[in-house]
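>>> sequence first, then the predicted structure, then my questions.
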Amino acid sequence: MADALNFSISTTRFDENYSPSTNSRTTTNFANLARGERREENLRNALTMINRRFNSLAHWDNPQGDRYSLELEIISANVHFSADNTDKQFPLLEVLETTIVDKLTGTRSQGMVGNNFSSYVRDYDFSVVLPASCNDSGAPVLPEDFGDLHGQLFQHFLNSQAYRERFAQLPVICISVSTSKTYFRTGNSHPVLGLEYHQDENSLTDAYFGKMGLSVRYFMPPGAVAPLAFYFRGDLLNDYTNLQLISLISTMETFQKIYRPEIYNANSAAPSVYHPSLGAEDFSPTRVFYDREERTQLGKIQGKFTEEHFIIPNRQLLDQWSSSYPTPVA
């Protein structure tokens, strides 16, 4: 039954000419930037921010701060149903892949796969399943199997032939810290990832990524003003080169500055005990327009789309496949 679901991968260049395809999730950071009258300006400014941040972190042998640039590709994974001999497929998830261009030597090297993470099934879980699980007081009561199917699908994708043939390393996802938690500086420091923070209790997002087989650590990179959450398998500090980690930080810190400037473009750095808040007022907006409310509404729309076009039509097959799949690694 494990062979009932297979995957295919397609790629789209993310540059100032990028335009979301009809199959792309419109709630992704990059898709939101690429709509409207200011789309080219948005994209150009975001890419400039990414490259400047990369060079500020990769400062050795880089006196002019312009040695490197990043190329980004959107990686789209489709899941295919093969058990019932049909040609059904569904656009499951999207991540980003970076390529590091050294303009001094003319060489190109592998950056990081992962970075951003967007998933239709995650939209379904958080926009359909979670609201429906609330008790009479409106507080969510998580179903025991919340996130199991998504975690199994993600781990199956990483183990798939399609992933192994395309990527040599496991992905690292980098997102915002949770506004519902407090983070404590540990005293541990890394030359690229920066100051490490920890929290006493996992957030809902941490637990959800845990079902995807990913662990989490929190670091505030040099020059940053707030820690980022890094989700990974293996050894985050030793499985990747410094330049690969810099490609991850520069890309995702830029998106977070645009999406959550109250946290990541604040005018003062996070203290040793830090509680992030979107209600903070001491921050500097970026020059990139981002419609946060529209993104929230689109998440709900795409959650319903997933329910109607993926979950309900394939429920029996998905239930059978899920029940035979090994328990997701926490």
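Now that the structure is in, tell me what you want to look at.
>>> what's near enough to touch residue 46?
33, 254, 255, 258, 288 (CB atoms under 8 Å, 6 or more residues apart in numbering). C-betas here are computed from N, CA, C, even on glycine.
>>> among those, the buried ones, what's the PyMOL command?
Selection of buried members from the contacts of residue 46 for PyMOL, criterion 16 or more other CB atoms under 10 Å:
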select buried, resi 33+254+255+258+288
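>>> what's the most distant pair in the contacts of residue 46?
Spatial extent of the contacts of residue 46 (CB to CB) is set by the pair 33 and 254 at 10.5 Å.
>>> of the contacts of residue 46, which is the nearest to residue 146?
residue 255 (26.2 Å).
>>> so where's the stretch 1-150 of the chain uncertain?
1-3, 20-37, 82-87, 138 (pLDDT under 70).
>>> show me the strands in it, by range?
5-14, 68-81, 89-102, 107-119 (DSSP state E, counting those that start in this stretch).
>>> cool, and the stretch 151-300 of the chain?
Going by DSSP E, counting those that start in this stretch, the stretch 151-300 of the chain shows strands at 172-176, 183-190, 194-198, 215-220, 228-232, 273-274.
>>> distance to residue 309 added to those, as JSON lines?
Formatted as JSON lines, these follow (distance: least, CB to CB, whole Å):
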{"stretch": "strand 172-176", "distance to residue 309": "25"}
{"stretch": "strand 183-190", "distance to residue 309": "38"}
{"stretch": "strand 194-198", "distance to residue 309": "39"}
{"stretch": "strand 215-220", "distance to residue 309": "31"}
{"stretch": "strand 228-232", "distance to residue 309": "27"}
{"stretch": "strand 273-274", "distance to residue 309": "40"}
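>>> can you redo those as JSON lines with mean neighbour count and distance to residue 15?
Below are the strands of the stretch 151-300 of the chain laid out as JSON lines (neighbours: other CB atoms under 10 Å; distance: least, CB to CB, whole Å):
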{"stretch": "strand 172-176", "mean neighbour count": "22", "distance to residue 15": "20"}
{"stretch": "strand 183-190", "mean neighbour count": "15", "distance to residue 15": "30"}
{"stretch": "strand 194-198", "mean neighbour count": "19", "distance to residue 15": "28"}
{"stretch": "strand 215-220", "mean neighbour count": "21", "distance to residue 15": "28"}
{"stretch": "strand 228-232", "mean neighbour count": "23", "distance to residue 15": "24"}
{"stretch": "strand 273-274", "mean neighbour count": "16", "distance to residue 15": "35"}
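>>> can you list those strands in TSV and add mean pLDDT and distance to residue 310?
Compiled in TSV, these are given as follows (pLDDT from 0 to 100; distance: least, CB to CB, whole Å):
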stretch	mean pLDDT	distance to residue 310
strand 172-176	97	21
strand 183-190	96	35
strand 194-198	98	36
strand 215-220	98	27
strand 228-232	98	23
strand 273-274	98	38
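>>> closest one to residue 51 among the ones you listed?
Per CB to CB, nearest to residue 51 of the strands of the stretch 151-300 of the chain: strand 172-176, 17.1 Å.
>>> partner strands of that closest one, parallel or antiparallel?
If you go by DSSP bridges, strand 172-176 pairs up with strand 107-119 (parallel), strand 228-232 (antiparallel).
>>> what about it, distance to the chain center?
Computed by CA atoms, centre = their mean, to the nearest Å, the chain-centroid distance of strand 172-176 equals 5 Å.
>>> same question, stretch 140-154
Put simply, stretch 140-154 sits 18 Å off its chain's centre (CA atoms, centre = their mean).
>>> please identify the buried residues of it?
In terms of neighbour count (16+ other CB under 10 Å), stretch 140-154 has its buried residues at 146, 147, 148, 149, 150, 151, 152, 153, 154.
>>> which one is the fifth one nearest to, not counting chain neighbours?
Using CB to CB, 6 or more residues apart in numbering and skipping residues adjacent in sequence, the residue nearest residue 150 is residue 121, 4.5 Å away.
>>> ok, the one you found - contacts?
Residues in contact with residue 121 (CB under 8 Å, 6+ apart) are 92, 93, 149, 150, 153, 306, 310.
>>> redo that, cut-off 7 Å
Residues near residue 121 by CB atoms under 7 Å, 6 or more residues apart in numbering: 92, 149, 150, 153, 306.
>>> ok, now residue 264?
So residue 264 contacts 225, 226, 253, 256, 257 (CB under 7 Å, 6+ apart).
>>> how about residue 62, what does it touch?
Contact analysis of residue 62 by CB under 7 Å, 6+ apart lists residue 55.
>>> gap between it and residue 284?
As judged by CB to CB, to the nearest Å, residue 62 and residue 284 stand 25 Å apart.
>>> next: residue 124.
The gap separating residue 124 from residue 284 is 35 Å, by CB to CB.
>>> dump the residue contacts of residue 230.
By CB under 7 Å, 6+ apart, residue 230 lies in contact with 172, 174, 216, 217, 219, 236.
>>> can you tell me which of those residues is closest to residue 129?
residue 216 (21.9 Å).
>>> residues in a beta bridge with the closest one, which ones?
residue 231.
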